[in-house]
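Asks: Everything below, folded, please.
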Amino acid sequence: MTAQPTTAHARATDVPLWAPAEESLADEELARGLVNGDEACLAAAYHRWSALVHTLARRTLGDVKEAEDVTQQVFLGVWRGRAGYRPERGALGGWIVGITRRKIADALAARTRRCDLVASAGSVMMLADGAGELPEAALDRVLVRHELAKLPAPQQQVLRLAFFEDLTQTQIARRTGWPLGTVKSHARRGLHQLRRCLQQETNA
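Replies: Numbering: from 1, shown residues only. Below is the predicted model:
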């Protein structure tokens, strides 16, 4: 019997919910069913190992929402890569942990890229006013505000909250009511566009 997603979250991630009838399956049986494309076995694998995956991600990333994102990505990876599982190389649980480690590494790399972008853009977007400030610094702030105003409204809102109110992306998500992934997407796109515009102005 195939497990059917019953929530919007399950539909969005294509990870089926757990089917109670599959709880008693041995790991070897579950693995065979998974490789053969049985969604109920994916649901059972999610039920069996998702807590471990989430714990590993949370301990490394230190962020519950990011850990949830990684957990979903891991089981999407399990489903999409099921044909590559080889039981002779190790148990299904170990294979899933291996995917988890790769997804955590991807999340850390993405975080580093975001931090680099924020630091790069933030160095231009400093708002402190000093008595001995050079005229060029004031000009830079005017230029940044001008380019920021050209961005789509959601990107503007995220960047203004991040730089002018010093909010984290999680705090921005709470303030706006947007999902954290949406906030990250707006920040990433807005920063790329802002940097591109600033570089064009500098080279003009």
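Asks: now Leu159, nearest residue through space, not along the chain?
Replies: Excluding the flanking residues, the one nearest Leu159 by C-beta to C-beta, 6 or more residues apart in numbering is Gly190, at 4.9 Å. In short, each C-beta sits where N, CA and C put it, glycine included.
Asks: Is it correct that that neighbour is in contact with Leu161?
Replies: No - the pair Gly190 / Leu161 is not scored as a contact, 11.1 Å apart, by C-beta atoms under 8 Å.
Asks: Looking at the two, which is more packed in?
Replies: Gly190 (23 against 19; other C-beta atoms under 10 Å).
Asks: Okay, buried residues for the helix or strand in which Leu34 is found please.
Replies: According to DSSP states H and E, Leu34 maps onto helix 27-35. Buried residues in helix 27-35, counted by 16 or more other C-beta atoms under 10 Å: 30-35.
Asks: Same question for stretch 78-95.
Replies: Buried residues in stretch 78-95, counted by 16+ other C-beta under 10 Å: 78-79, 82, 85, 92, 95.
Asks: got the contact list for the residue nearest to Gly77 when sequence neighbours are not counted?
Replies: Spatial nearest neighbour of Gly77, excluding adjacent residues (C-beta to C-beta, 6+ apart): Ile99 at 4.9 Å. Applying C-beta atoms under 8 Å, 6 or more residues apart in numbering, we find Ile99 in contact with 74, 77-78, 81.
Asks: swap in Pro179?
Replies: Listed by C-beta under 8 Å, 6+ apart, the contact set of Pro179 reads Ala173.
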